[in-house]
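> okay, here's the prediction I keep looking at, along with the sequence it came from:
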Amino acid sequence: MMLKRLAISIAASAAFCTAALADPLPSWEDGDIKARIVAFVDDVTDPASQDYVPPEARIAVFDNDGTLWGEQPVYFQLIFAFDEVARRAGDDPSILTSDTLKAAAAGDYQAALAGGNTALAEIVAASHAGLSVEAFQNNVRAWLDTARHPGTGLRYDHMTYQPMTELLRYLRDEGFATYIVSGGGVHFLRVFAERAYGIVPEQVIGTSLASSYHVEDGQPVIVKDPQVFFVDDKEGKPVAIDRIIGRRPILAAGNSDGDFQMLEYTTAGHGARLGLLVHHTDATREAAYDREGHVGVLKRGLDEGPGRGWLIVDMAKDWSRIYTEGK
């Protein structure tokens, strides 16, 4: 009898482990959202399906801020910019040539950003421009090594969403190419995208400053200039997708109305398509926000997304876990 019970126990454990291994999205709660994602992937990867999509056309695009990692209390790259102004001012106080930069160095977000886009451009120029790409990215790496989020205490590049990293991995395992299409800076994102998401630098699309070619001390470098070259947000996202990828994606994921046009462009194509919006509903484990706020505003997506067949992911209900590090 004891041997029989042991055999039953072992068999049950084996079955459980097999089921767990077979689940491509273990941090997603079982339900309609998860089922629809899996059904979509099954349909487009099954050669016998009428919705089959060949591997070269399996393109998936993802926003970053608020979709793949956190974005509260402000965009993490903005926190980097303020910290970088303060660091540079510590070495050379003369760079604080305006009230905006003085406020940024002091960490006074309200005062520093009171001047709107003009003030933001000044802060970005002071923290991002005038450096080679390599030097800038070294500054980003140093910041990621030391900076900690004020609420969670985690490194910023550890505040990626576990369910979304699982989705990225699942899609790649099924023959998809996964791209980041973000309003964040392209050189900032490329520092950690491969390590955090498994997305190689050449598949990161973002906002960019103008740049120029220089030879410094006999070495050719690309230098980041202060002028904005391209803003990868709203209507800019489909334009960048067409320019850089050259194919209309079949899956797009975002979290705000800044991603609306990307989802609209993606899901308007022929054949099977999937649009997904992450809805921040979890005030306990992360944050709850949508229609009002200074980042991640989601109005049109909530109003029109369901009618367009887009999935609205309720973080509180649909995710059993939030961050890749921590809970």
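Looks like it came in fine.
> just the helices in this structure please.
Ranges of helices in the chain, per DSSP state H, are 2-22, 32-45, 76-91, 99-105, 109-112, 116-128, 133-146, 162-173, 186-189, 193-197, 236-240, 260-267, 300-304, 315-318.
> average pLDDT for the last one?
Put plainly, it is helix 315-318. Averaged over helix 315-318, pLDDT sits at 98.
> quickly list the domain ranges of the chain.
28-73+159-318, 76-146 (automatic domain parsing).
> looking at the helices of the chain, which is closest to residue 325?
With C-beta to C-beta as the criterion, residue 325 lies closest to helix 162-173 of the helices of the chain, at 8.8 Å. Every C-beta, even on glycine, is put in place using the N, C-alpha and C of the backbone.
> ok, now how distant is the nearest residue to residue 193 once chain neighbours are set aside from residue 300?
Counting by C-beta to C-beta, 6 or more residues apart in numbering, residue 193 lies nearest to residue 199, which is 4.6 Å off, once chain neighbours are set aside. Using C-beta to C-beta, to the nearest Å, residue 199 is found at 27 Å from residue 300.
> the more surrounded of these two?
Neighbour tally, residue 199 and residue 300, criterion other C-beta atoms under 10 Å: the higher count belongs to residue 199, 23 against 13.
> how near is that one to residue 64?
For residue 199, the distance to residue 64 - C-beta to C-beta - is 10 Å.
> so what sits against both of those two?
Both residue 199 and residue 64 are contacted by residue 180, under the criterion C-beta atoms under 8 Å, 6 or more residues apart in numbering.
> ok so, going back, distance check, the residue nearest to residue 193 against residue 105.
Residue 199 is 33 Å from residue 105, by C-beta to C-beta.
> and what of residue 200?
Per C-beta to C-beta, residue 200 is found 35 Å from residue 105.
> likewise residue 290?
To residue 105, residue 290 is 33 Å away according to C-beta to C-beta.
> and the two? Which one has more around it.
Between residue 290 and residue 105, counted using other C-beta under 10 Å, the more crowded position is residue 105 (23 against 18).
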